[in-house]
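Visitor: Next input, structure requested:
(chains A and B, ligands or ions: 2)
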Amino acid sequence: MSGSGEPKIRIRGLHKAFGDKRVLRGVDLDVGAGESVVVIGGSGTGKSVAVKCALGIVEPDRGSILIDGVESVALRGVAREAVNARMGMLFQGGALFDSLPVWENVAFGLVAAGQHTRREAKPVALETLAQVGLGPEVGDLMPAELSGGMQKRVALARAIAARPDIVFFDEPTTGLDPIMADVINDLIVECVRELGATALSITHDMASVRKIADRIAMLHEGRIVWSGPVSEIDESGNDFVDQFIHGRASGPIRMAVRR
Amino acid sequence: MNPLAAIGRAFLALLEAIGRLVLFSLAAVTHIVRPPFYPRVLLRQMVDIGYYSLPVVALTTLFSGMVLALQSHTGFARFSAEGAVAGVVALSITRELAPVLAGLMVAGRVGASMAAELGTMRVTEQIDALSTLSTHPMKYLVAPRILAGFAMLPPLVLIGDVIGIFGGYIVGIYKLDFSPGAYIDQTWRFIEVRDVVSGLVKAAAFGFLVSLMGCYHGYRSAGGAQGVGRAATSAVVSSAILILVFNYVITELFFAK
Ligand SMILES: Nc1ncnc2c1ncn2[C@@H]1O[C@H](COP(=O)(O)OP(=O)(O)OP(=O)(O)O)[C@@H](O)[C@H]1O
Ligand SMILES: [Mg+2]
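Guide: Numbers count the residues shown, from 1 in each chain, chains lettered A, B, ... in the order given. Ligands and ions are numbered 1, 2, ... in the order given. Got it, this is the predicted structure:
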């Protein structure tokens, strides 16, 4: 762990159920300042839900989420906005505003936070687009005119455009070709190393995990069942982790499929 | 199952729905009056509601005015009171038909599209994304739409008033053999400021209601494409009902003795 002192994000005993489906059942997770933590885990285990709890999009049933030592569960209004202003989020589905052109999507947070006027924000947006490998001509297209992978990269650009303190990446490389995926991995690493951001990422892509993670946490059945530095992932001694990183169908993790 | 319990549950669900709607409206109104404001979004909504609804409102009021002249003439001719045709057209259009028809047309056109747009934004997480980008979704999406509905229906209805009365005039002149001067004279003799004002107050209320219901159902939609479709339907049906209810209430306030 690279974080010294209090962690940037401290999640304790996080519970969330949808109806009688208990998704999170006591998640504990620390992310140190300037650290890049990757959460892995099977599909539908609640990784996205956990991140949305941190952003206040989903309200947890129980538990605590400290951001810089401040309890953020149940924050409302201006206080919530102040916390969220320091965070960026790449949504799994992109969630681009389809009524706005690409550059306005990327510039949105900059303008909304009052960092820039609309006119000033355009070059910044185009520069951020260039970082994710998209040329200025893409800026004037509408999101619906982009391929899935391009949309993902625009969403990534939007998440980091305002240089947030904390960035959540929900599956940043799914749907990208291996080369572009690596470019995005480098970009995430750069965000953390050079801008000093704290990153909490979710991914299924083990190549990406090894590249961007300082530390890995595995979510299974609503709890973090293992967490440790990326160097220990191959000798974790944890059957869940072993099964996951080798992608074996047989093992302690049962997928709910009928044979 | 106990039938009383079922009735009780339905009643509680109704109260809950009303409570939610009232809270939503209050939140929306507080966001309208508190900065930051989004003039670009507001302008776009005003153009969409005001300008692009003009053709439908013009057509509906035109033909309503025409049919009113025709129908009231056949009725009044029996009492040799043809002179009242112009007045009946003017009163009916300004007090009732222009605001109600414009409200219903805008409910179908704008209310449904607001619900579909916000509903799609909800299910594709665009509304969640707004809150991660220093923007309150109620303030950015809902407040400008409600303000635009409230502000744009009165001018729309005023235009509808003129067109509806003109429709009656056309039929009066070319079909019922009124002299143009007499028809216009009759119109001015009957119509009062209060008639027009009550219609405009209705229009503002209906515009508010249509946008409110469109936003409310869209904002709360869930469950993919089907949920979005449901939201659009609910928005149209509920705003149409509310328009008719409030039409009575406002009429009562203005004209009851
Ligand atoms: N708004 C919601 N309403 C009801 N159930 C939900 C909602 N959001 C998520 N869930 C449920 O919570 C569970 C976890 O969802 P989540 O999106 O967090 O999975 P995930 O771990 O991100 O999976 P994936 O890797 O496939 O993205 C799922 O079973 C899902 O059905
Ligand atoms: Mg997910």
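
Visitor: which ones are touching the residue lying closest to residue B:155 once chain neighbours are set aside?
Guide: Spatial nearest neighbour of residue B:155, excluding adjacent residues (Cβ to Cβ, 6 or more residues apart in numbering or on different chains): residue B:50 at 6.4 Å. Placement of C-beta: from N, CA and C, glycine included. Residue B:50 sits next to B:148, B:152, B:155-156 when contact means Cβ atoms under 8 Å, 6 or more residues apart in numbering or on different chains.

Visitor: now do residue B:231
Guide: For residue B:231, the contact set (Cβ under 8 Å, 6+ apart) comprises B:115-116, B:118-119, B:217-218, B:220-221.

Visitor: all helices of chain B, in order?
Guide: Counting by DSSP state H, chain B has these helices, from start to end: B:3-33, B:39-46, B:54-77, B:85-91, B:98-106, B:112-123, B:126-131, B:137, B:143-174, B:180-190, B:193-219, B:224-255.

Visitor: Ok, which of the ones you listed comes nearest residue A:13?
Guide: When these are compared by Cβ to Cβ, helix B:126-131 sits nearest residue A:13, at 23.8 Å.

Visitor: got the contact list for the next helix or strand after the closest one?
Guide: Heading C-terminal from helix B:126-131, the first helix or strand you meet, by DSSP states H and E, is helix B:137. By Cβ under 8 Å, 6+ apart, the surrounding residues in contact with helix B:137 are B:127, B:130-131, B:219.

Visitor: What average pLDDT does helix B:137 get?
Guide: In this model, helix B:137 has a mean pLDDT of 93.

Visitor: Return the distance of that helix from the chain's centre.
Guide: Here helix B:137 is found 24 Å from its chain centre; the criterion is Cα atoms, centre = their mean, to the nearest Å.

Visitor: now do stretch B:44-56
Guide: Going by Cα atoms, centre = their mean, where stretch B:44-56 is centred and where its chain is centred differ by 13 Å.

Visitor: Indicate the residue of the stretch 101-250 of chain B located nearest to ligand 1.
Guide: Among the residues of the stretch 101-250 of chain B, residue B:222 lies nearest to ligand 1; the distance is 7.3 Å by Cβ to the nearest ligand atom.

Visitor: Actually, the stretch 51-200 of chain A.
Guide: For the stretch 51-200 of chain A, Cβ to the nearest ligand atom, closest residue to ligand 1: residue A:92, 5.6 Å.

Visitor: so that residue is in which element?
Guide: Assessed by DSSP H and E, residue A:92 sits outside every helix and strand.

Visitor: residues near the spatially closest residue to it that is not a sequence neighbour, how many?
Guide: For residue A:92, ignoring the flanking residues on the chain, the nearest one in space by Cβ to Cβ, 6+ apart is residue A:170 at 4.2 Å. Residue A:170 has 24 neighbours, counted by other Cβ atoms under 10 Å in any protein chain shown.

Visitor: May I have stretch B:44-59 exported as PDB, CA atoms only?
Guide: These are the backbone C-alpha positions of stretch B:44-59, laid out as PDB (Å, rounded to 0.1, in the frame of the first residue of the first chain):
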ATOM      1  CA  ARG B  44     -34.000  25.500 -26.700                       C
ATOM      2  CA  GLN B  45     -37.000  24.300 -24.700                       C
ATOM      3  CA  MET B  46     -38.800  27.500 -25.300                       C
ATOM      4  CA  VAL B  47     -38.300  27.200 -29.000                       C
ATOM      5  CA  ASP B  48     -39.400  23.600 -28.900                       C
ATOM      6  CA  ILE B  49     -42.500  24.200 -27.000                       C
ATOM      7  CA  GLY B  50     -43.500  27.600 -28.300                       C
ATOM      8  CA  TYR B  51     -42.400  27.700 -31.900                       C
ATOM      9  CA  TYR B  52     -42.700  24.100 -33.000                       C
ATOM     10  CA  SER B  53     -46.200  23.700 -31.400                       C
ATOM     11  CA  LEU B  54     -47.500  26.700 -33.400                       C
ATOM     12  CA  PRO B  55     -48.700  24.600 -36.400                       C
ATOM     13  CA  VAL B  56     -50.700  22.200 -34.400                       C
ATOM     14  CA  VAL B  57     -52.200  24.800 -32.200                       C
ATOM     15  CA  ALA B  58     -53.000  27.000 -35.200                       C
ATOM     16  CA  LEU B  59     -54.800  24.200 -37.000                       C
END
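
Visitor: which parts of that stretch are buried?
Guide: Residues of stretch B:44-59 classed as buried: B:45-46, B:48-50, B:53, B:56-58 (neighbour count, 16 or more other Cβ atoms under 10 Å in any protein chain shown).

Visitor: so what strands line up beside whatever helix or strand residue A:225 lives in?
Guide: For residue A:225, the host element (DSSP H and E) is strand A:223-229. In the sheet containing strand A:223-229, its partner strands are strand A:215-220 (antiparallel), by DSSP bridges.

Visitor: mind checking how far the residue of the stretch 151-257 of chain B found nearest ligand 2 is from chain A?
Guide: In the stretch 151-257 of chain B, no residue comes nearer to ligand 2 than residue B:224, which is 16.2 Å away by Cβ to the ion. Separation of residue B:224 from chain A (Cβ to the nearest Cβ, to the nearest Å): 12 Å.

Visitor: Count residues in the vicinity of that residue, would you?
Guide: Quick note: residue B:224 (other Cβ under 10 Å) scores 12 neighbours.

Visitor: Ok, residue A:229 next?
Guide: Counted with other Cβ under 10 Å, residue A:229 comes out at 12.

Visitor: that older thread, correct me if wrong: the residue of the stretch 51-200 of chain A closest to ligand 1 contacts residue A:48.
Guide: Yes: assessed by Cβ atoms under 8 Å, residue A:92 is found in contact with residue A:48 at 5.7 Å.

Visitor: got any residues that touch both of these two?
Guide: A:170, A:202.

Visitor: Which one's more surrounded, the two?
Guide: Higher neighbour count among residue A:92 and residue A:48: residue A:48, with 21 against 18, using other Cβ under 10 Å.

Visitor: element containing the more buried one, please.
Guide: helix A:47-54.

Visitor: after that helix comes which helix or strand?
Guide: strand A:62-67.

Visitor: quick one, what contacts residue B:251?
Guide: The contact partners of residue B:251, by Cβ under 8 Å, 6+ apart, come to B:95-96, B:198, B:202.

Visitor: now the residue nearest to residue B:155: how far from residue B:160?
Guide: With the distance defined as Cβ to Cβ, to the nearest Å, residue B:50 ends up 12 Å from residue B:160.

Visitor: Quick check: what element follows the strand holding residue A:225 along the chain?
Guide: That would be, after strand A:223-229 and using DSSP H and E, helix A:239-246.

Visitor: Just the buried residues of that next one, please?
Guide: Neighbour counts over helix A:239-246 (16+ other Cβ under 10 Å) mark A:240-245 as buried.

Visitor: residues touching the residue of the stretch 51-200 of chain A found nearest ligand 2, list them.
Guide: Residue of the stretch 51-200 of chain A nearest ligand 2, by Cβ to the ion: residue A:92 (4.7 Å). For residue A:92, the contact set (Cβ under 8 Å, 6+ apart) comprises A:48, A:170-171, A:174, A:202.

Visitor: what would the buried residues of stretch B:44-59 look like in CSV with pLDDT and distance to residue B:71?
Guide: As requested, these are exported to CSV (pLDDT from 0 to 100; distance: Cβ to Cβ, whole Å):
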residue, pLDDT, distance to residue B:71
B:45, 96, 37
B:46, 97, 35
B:48, 94, 34
B:49, 94, 31
B:50, 94, 30
B:53, 95, 26
B:56, 96, 22
B:57, 96, 21
B:58, 97, 20
